[in-house]
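> Here's a sequence, model it:
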Amino acid sequence: MPNLIILATAAFVAGIWCSELIRVEMTVLLVMAATFAGVALWQIKNGPRYIAATILGLFAVAGMLRFQHAETLSGADVSRFAGQTATLYGTVAELPLVRHRRANSAGEVYHCGRGCEHRRTAS
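Prediction:
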């Protein structure tokens with residue numbers, strides 16, 4: 001039984017790896033997860049003959065779902081406007097916590113903390 005935990009972890013990682021290589025639709029993954037879960041419940045009720053393989057398959061599908069979920073951007077993500085001109089409106093909740101930075105190539109120095117300061121240095 002302790003080997004099952006190691007195998008389940010390996011199946012989860014293999015699911016992440018497979019999902020990175022092969023793009024599978026989210027609905028297909030959900031159907032696969034429901035099928036594996038249903039088969040696992042049926043095997044528990046009627047005799048656990050191949051329960052370990054079913055649970056490993058469920059962990060692999062869970063890894064695939066995790067990868068798909070991590071790669072999904074929300075509809076409100078600002079990166080969707082890359083390469084376009086857009087006007088964004090919002091409210092700054094608090095000051096950004098940026099430490100000292102060196103001057104950039106334009107000779108500008110940024111320092112933000114309690115009070116934000118932007119100054120242009122002589123070039």
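> Centroid-nearest residue for the chain?
Nearest to the mean C-alpha position of the chain, counting by Cα atoms, centre = their mean, stands residue 70 at 1.9 Å.
> part of a helix, is that residue?
Yes - assessed with DSSP: H, G, I helix; E, B strand; the rest coil, residue 70 lies in a helix.
> State the distance from it to residue 86.
Between residue 70 and residue 86 the distance, using Cβ to Cβ, to the nearest Å, works out to 25 Å. In this view, the C-beta of every residue, glycine as well, is placed from N, C-alpha and C.
> For this structure, which residues score under the pLDDT cut-off?
In the prediction, the chain carries residues with pLDDT under 70 at positions 1-2, 97-123.
> Quick one: the helices in it, in order.
When secondary structure is read from DSSP state H, the chain shows helices at 2-21, 26-46, 51-71.
> Can you list the helices and strands that the second one packs against?
With contacts defined as 3 or more Cβ pairs under 8 Å, 6 or more residues apart in numbering; DSSP states H and E, the packing partners of helix 26-46 are helix 51-71.
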